[in-house]
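Participant: how does the following fold in three dimensions:
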Amino acid sequence: MPAPLYRGLDSYIRCLAHILNLIVKDILRNLGSGTMEQAQVACEFLQPGNSITDQSAIGRLRVLALWINRSPQRRQKWKHICKLNNLPDKFVAYDVATRWNSTFRMIDDGLKSRQQVNKFLDLQEELPPFTLQDWSWLEQIHTVLHKFNELTLFVSKRDPQISLAVPIYYELHELLEDMREGNGDFANLNQNIRAAVNEGMKKYEKYYSFMDDCDTYYTALVLDPRVKGELVLRELQDDNAGRMILETIRTNLHQVYAASNPEHDVAASQLSSLEQNDVESRMLRKLQARDPPLSDIDKYFDTSPISVADTTGKNWLCNWWKMHKGEYPGMAAAARDYLAIPASEVAVERVFSTARDVLGIRRYSLKGETIRMLMLIRDGYKW
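Facilitator: Residues are numbered from 1 along each chain as shown. Coordinates of the predicted model:
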């Protein structure tokens, strides 16, 4: 009886984009970045004679962006100041609560519009100006968030490959360690930012433990012929954990995908035809009574990773297994099961988000099945 492929919560795959979101939000929370709700309350408080002084640099930038965008007069004043100083008049986009990297974009806009912000605040009484220390703080946070933004965009692609989940976890750990220890690009990082990153590391360790207990991630990694088990052995070289993981995966694959080997079937049929009790038959039985040939699973594990010149094509990994399914039938069956799992839910949520365009004021009586079909057709047509 083969072992079941998926085992409930033990095989649960967590969205990588969501994990990144939780890690960065913990970092921002410990930096006192504030929330959109707090910014809205601050904007209501901003009246002639009132000012805000208890907000962090990120919080005040958010309040400024929201405050300008709330009023046509202030937007016009911003444009006028920019025009007088021959500066771009692009507004600083305020962030939204559901996307952490909108905070990164807001800070990015703010740093690019540093001159515009300073000149605008020089003419305001309600909002205090940004000091050099504030701008330095924002630049350091921007450096930290820029790396997370790259990873977020990578795992938010239409087809995020599950085989890259383990490398992303390893890279994320190195990134957090460098930030916490002040290595490389983060050598001048403020101690308070490092402390906040340490809180993000705690969230990372929680979800890494979930990943480490699930064979699905490691099996998907092994199914990349460029890597196989080499990355696991290199990252876990201090103990025997890497070899144990690979042996467990190999055993599980044998149990689930123990399909008959075509070469072995041919050998067995030849032996069955040699049941005669003459000299020739006995000679051939002795020659062919060897161990059966290696299964394609063992053959795949025991050969070195391959070198692929071009992997930029769409779904190249699935296409590679399609081309080599005759050589590795068992492993190809595993690839069909495991590589169909997405690394994040962003693409699915993106499809759901189109429902607001499908279900409008003139189309509010559509049946659920009709909406489902329209959303799927729209998504398929778009791509």
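
Participant: can you pull the contacts of the spatially closest residue to T35 that is not a sequence neighbour?
Facilitator: The shortest distance from T35 to any non-neighbouring residue, by CB to CB, 6 or more residues apart in numbering, is to A97 (6.7 Å). The way it works is simple: take the backbone N, C-alpha and C, and place the C-beta from them, glycine included. Residues near A97 by CB atoms under 8 Å, 6 or more residues apart in numbering: T35, M36, E37.

Participant: how about M211?
Facilitator: R14, A165, V166, Y169, Y217 are the contacts of M211 under CB under 8 Å, 6+ apart.

Participant: quick one: which of the contacts of A97 has the most company?
Facilitator: M36 (16 neighbours; other CB atoms under 10 Å).

Participant: isn't it right up against V63?
Facilitator: No - using CB atoms under 8 Å, M36 and V63 do not qualify as a contacting pair, with a distance of 10.2 Å.

Participant: that older thread, which single one of the contacts of A97 is nearest to H80?
Facilitator: Using CB to CB, M36 is the member of the contacts of A97 that lies nearest H80, at 27.4 Å.

Participant: tell me the secondary structure at the residue nearest to the closest one when sequence neighbours are not counted.
Facilitator: Once flanking residues are discounted, M36 sits nearest to A97: 4.9 Å by CB to CB, 6+ apart. Following DSSP: H, G, I helix; E, B strand; the rest coil, the label given to A97 is coil.

Participant: what separates A97 from A39, distance-wise?
Facilitator: 10 Å (CB to CB, to the nearest Å).

Participant: again, but for R362
Facilitator: 35 Å.

Participant: neighbour-wise, which of those two wins?
Facilitator: More crowded of R362 and A39, by other CB under 10 Å: A39, with 23 against 6.

Participant: quick check: buried residues in the one helix or strand that one maps to?
Facilitator: Taking DSSP states H and E as the definition, A39 sits inside helix 36-45. For helix 36-45, the neighbour count (16 or more other CB atoms under 10 Å) marks M36, A39, Q40, A42, C43 as buried.

Participant: and what of stretch 98-106?
Facilitator: For stretch 98-106, burial by neighbour count (16+ other CB under 10 Å) applies to W100, N101, T103, F104, R105, M106.

Participant: please name the nearest non-neighbouring residue to the fourth one.
Facilitator: Across the structure, with CB to CB, 6+ apart as the measure, the residue nearest F104 apart from its sequence neighbours is L145 (4.2 Å).

Participant: how far away is the one you found from V166?
Facilitator: 24 Å.

Participant: what's the offset of the helix holding A39 from the middle of its chain?
Facilitator: Remark: helix 36-45 is offset 32 Å from the chain centroid, using CA atoms, centre = their mean, to the nearest Å.

Participant: show me what it is packed up against.
Facilitator: Packing contacts for helix 36-45, counted by 3 or more CB pairs under 8 Å, 6 or more residues apart in numbering; DSSP states H and E, involve helix 57-70.

Participant: what's the angle from the helix it packs on to helix 36-45?
Facilitator: Between helix 57-70 and helix 36-45, the angle comes out at 60 degrees (axes from the mean of the first three to the mean of the last three CA atoms, to 10 degrees).

Participant: low-confidence ranges, the stretch 1-150 of the chain, go.
Facilitator: Counting by pLDDT under 70, the stretch 1-150 of the chain has low-confidence residues at 1-10, 47-54.

Participant: in it, which spans are helices?
Facilitator: Taking DSSP state H, counting those that start in this stretch to define them, one finds helices in the stretch 1-150 of the chain at 16-30, 36-45, 57-70, 72-84, 101-112, 114-122, 132-155.

Participant: and those helices as TSV, adding distance to L374?
Facilitator: Below are those laid out as TSV (distance: least, CB to CB, whole Å):
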stretch	distance to L374
helix 16-30	25
helix 36-45	32
helix 57-70	33
helix 72-84	37
helix 101-112	28
helix 114-122	43
helix 132-155	27
